[in-house]
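1. can you look at this prediction? I've put the sequence above it.
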Number of protein chains: 2
Amino acid sequence: VNTPRKMRRYAVLAPGCFTGRAAKTAHGVIAYGREPVVAVIDPALAGRRVCDVLPHLNKDIPIVADLEATFEYKPNALLVGVAPPGGALPDEWREYILAALRAGLEVVSGLHEILSDDADFAEAAYTGGTSIWDVRLPPAPRLFTGAAWNVKPFVLLTVGSDCSVGKMTVSLELIKAACERKRDPEFIATGQTGVMIAGKGIAIDRVISDFASGAVESLVTSAEADTDLLIVEGQGAINHAAFAPVTMALLYGAAPDALLLVHDVSRHDIEPLGSPILPLPILVKLYEALTAVVKPAPVIGIALNTSSLNDEDARTVIDGVRKETGLPADDVIRFGPQGLFDAIAPALTEKTKAVKRSV
Amino acid sequence: VNTPRKMRRYAVLAPGCFTGRAAKTAHGVIAYGREPVVAVIDPALAGRRVCDVLPHLNKDIPIVADLEATFEYKPNALLVGVAPPGGALPDEWREYILAALRAGLEVVSGLHEILSDDADFAEAAYTGGTSIWDVRLPPAPRLFTGAAWNVKPFVLLTVGSDCSVGKMTVSLELIKAACERKRDPEFIATGQTGVMIAGKGIAIDRVISDFASGAVESLVTSAEADTDLLIVEGQGAINHAAFAPVTMALLYGAAPDALLLVHDVSRHDIEPLGSPILPLPILVKLYEALTAVVKPAPVIGIALNTSSLNDEDARTVIDGVRKETGLPADDVIRFGPQGLFDAIAPALTEKTKAVKRSV
């Protein structure tokens, strides 16, 4: 599984849509990817740089008009990390993908549509002597076995008050902080963007529900060598009527020793369903009550996304959460991840055990 | 979806294995199916009757040696309701299925293997002018929308202390009791055996985890006309590390108004994982804590499987559970479903509402 391979050098395909919300995956790979993005294809912005149009990404990467113009930067992979408008693959994108494959670039796709099932793409990959990586293609079915209960590294799982509150970002920031403190952490990717960033992992939301816990378990057990700390990217939220099944797969399948709760302070309802986001102390209790029956995992800290506030208000809100929950709390983007990591670090050593009947 | 069609008359395919555990689905269809089983194919038992070899099913159905011998009983469908030994379809079974299709019988299969993907079976179905119903084939992906929160009938969901404790059986027995009391109940099937029994439904364990809640919701919303009580077959258990994702899909996707907890008193551990089965009062609290954050649903009764005990011990255990939980409790097989149904009936009218933010 982990055979060495050449580092990817990505060209990102985002014609006409690089700065939009649909390009969230591309932005994630640019911000956090282990493998470099060497150029972005978006004719509407050609000639500019990524740092000009998306300053918060802070990356000096050229934006060009077409595939040929990327070649001087020597990409060896094309990243299709933008959800196409309307869901279906536009004809224009097909041409980009075919041309990239014929030119020998690997195509890496996070689309729901499985590109390697398409006969034209398969033939073009054969012609170019390259391959397609469909990031969302699920692995072979496997049930949860309990093997995750016995892994050696400490397992920290991020959990959320809702979807898209920043669980992946917080996980990646804590990985950075852990490295600075000479821990040897490993990021476990469980969503399509995370998988592209890490270069491996499984998009759990695409796994058949019977096998979702088993898929998470396989990620944890296959990563246990050579690390003392696994930080698992969480998914969804336990109070989210649509995505709680995916959350449960993470909560039991990863067999965490501790949880870190992630919350966006600007959110009050679970959109578009309208269920309220729970008060944080209630969420903490609910996550702990669930893990308590299989393998107890306390919530040891709270990561807040305060991007909707100014510095002063952010500090007030963070202090309030600390008092309300009695837990370390911080915004790891605004104030950096080191403070929160150091506050929870003492808790990142004590392994918990799965509950077994004592009779 | 609900177009009228001819009632199925099943021949059950179970060569050499009719009385074994692997034939659980076939037994369920014989015991509870709306459509009659007219013959069973098992050469090892040919000449005997179902009531001779499985007295508890209490059905006088002939067992014959081969497909031809079923024809005098005029089957129009072949039920492949037995898991083949080793998982793969034996060659002998292929011949039965091909012959049945060529003879114009519909083939109904609960196998993991999708029979309609097989070119030989597809051709035989075309030749015979018939079709294949792969019961486990998942429906088109659809996310949960919240529509289930507004259905008119009362929704009762069975939940469990473990897998295979009798949630489907209890649901079907309560349907019988409700009919006797002039309610107009509808059974919502969510597993392969339930789907065969009802003739419709979705095996939720085979749905992609992102769409599992949405699939359950579609069952509830499409059944709401012409009934005042939906009884939804539950799956798995919230404390089961492998299957809790499926359980969550039912718990939120069905948007129940109340829960009925099902427990087998002979079980102490979740096999083969070894996690303890929780004390019933703790299980009740956990199920109620989860539903409370989306749409509150109290546990209104407990159905106990006491088949491991004699009558006297069963009564003692049932009384103990009543005292321990303060809830109606009974064994609906040993003592019939009417007692438990009448005890919970007053609670089967008050609809609950999804939690909405009051701000």
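-> Good, I have the coordinates.
2. can you list the residues of the stretch 51-200 of chain A near chain B?
-> When proximity is defined by CB under 8 Å from any CB of the partner chain, the stretch 51-200 of chain A lies next to chain B at A:143, A:144, A:145, A:146. Where you see a C-beta, it was placed from the backbone N, CA and C, and this is true even at glycine.
3. what's the closest non-adjacent residue to the last one?
-> Distances taken as CB to CB, 6 or more residues apart in numbering or on different chains place residue B:273 nearest to residue A:146, at 5.0 Å, with adjacent residues excluded.
4. my guess is that neighbour meets residue A:143, correct?
-> No - using CB atoms under 8 Å, residue B:273 is not in contact with residue A:143; the gap is 9.9 Å.
5. overlap in contacts of those two?
-> Listed contacts common to residue B:273 and residue A:143 are residue B:242; contacts here mean CB atoms under 8 Å, 6 or more residues apart in numbering or on different chains.
6. which of those two has more neighbours?
-> In this view residue B:273 and residue A:143 are compared by other CB atoms under 10 Å in any protein chain shown, and residue B:273 has more residues nearby, 19 against 15.
7. phi, psi of the more buried one?
-> phi -80, psi -30 (degrees, to the nearest 10).
8. poorly predicted segments of the stretch 51-200 of chain A, please.
-> A:85-87 (pLDDT under 70).
9. please repeat the previous calculation with a cut-off of 90.
-> A:81-91, A:110-114, A:141, A:164, A:199 (pLDDT under 90).
10. strands along that one, start to end?
-> A:63-64, A:77-80, A:106-109, A:132-134, A:154-160, A:185-188 (DSSP state E, counting those that start in this stretch).
11. how about these, which one is nearest residue B:330?
-> Proximity to residue B:330, assessed across the strands of the stretch 51-200 of chain A by CB to CB, is greatest for strand A:154-160 (38.1 Å).
12. returning to that earlier point: give me the buried subset of the residues of the stretch 51-200 of chain A next to chain B.
-> Buried subset of these (neighbour count, 16 or more other CB atoms under 10 Å in any protein chain shown): A:144, A:145, A:146.
13. dump the residue contacts of the first one.
-> Going back to what we said before, that points to residue A:144. Contact analysis of residue A:144 by CB under 8 Å, 6+ apart lists A:213, A:214, A:216, A:217, A:252, A:253, B:241, B:242, B:273.
14. the first one is in what secondary structure piece?
-> Meaning residue A:213. helix A:212-222 (DSSP states H and E).
15. chain center to that helix: distance?
-> Helix A:212-222 sits 16 Å away from the centroid of its parent chain (CA atoms, centre = their mean, to the nearest Å).
16. now it against helix B:212-222, angle please.
-> 180 degrees (axes from the mean of the first three to the mean of the last three CA atoms, to 10 degrees).
17. what about the closest residue in space to residue A:201 that isn't next to it in sequence, how many residues nearby?
-> Spatially, and ignoring its direct neighbours in sequence, residue A:201 is nearest to residue A:189 (2.9 Å; CB to CB, 6+ apart). If you count neighbours by other CB under 10 Å, residue A:189 ends up with 24.
18. again, but for residue A:339
-> Neighbour tally, residue A:339, other CB under 10 Å: 15.
19. circling back to that earlier point, now the residue nearest to residue A:201: phi and psi?
-> Torsion angles, degrees, to the nearest 10, at residue A:189: phi -90, psi 130.
20. and what of residue A:291?
-> phi -70, psi -30.
21. and the nearest residue to it once chain neighbours are set aside, how far is that from chain B?
-> Leaving aside its chain neighbours, residue A:291 sits nearest to residue A:297 (4.1 Å; criterion: CB to CB, 6+ apart). Look at residue A:297 and chain B: by CB to the nearest CB, to the nearest Å, they are 13 Å apart.
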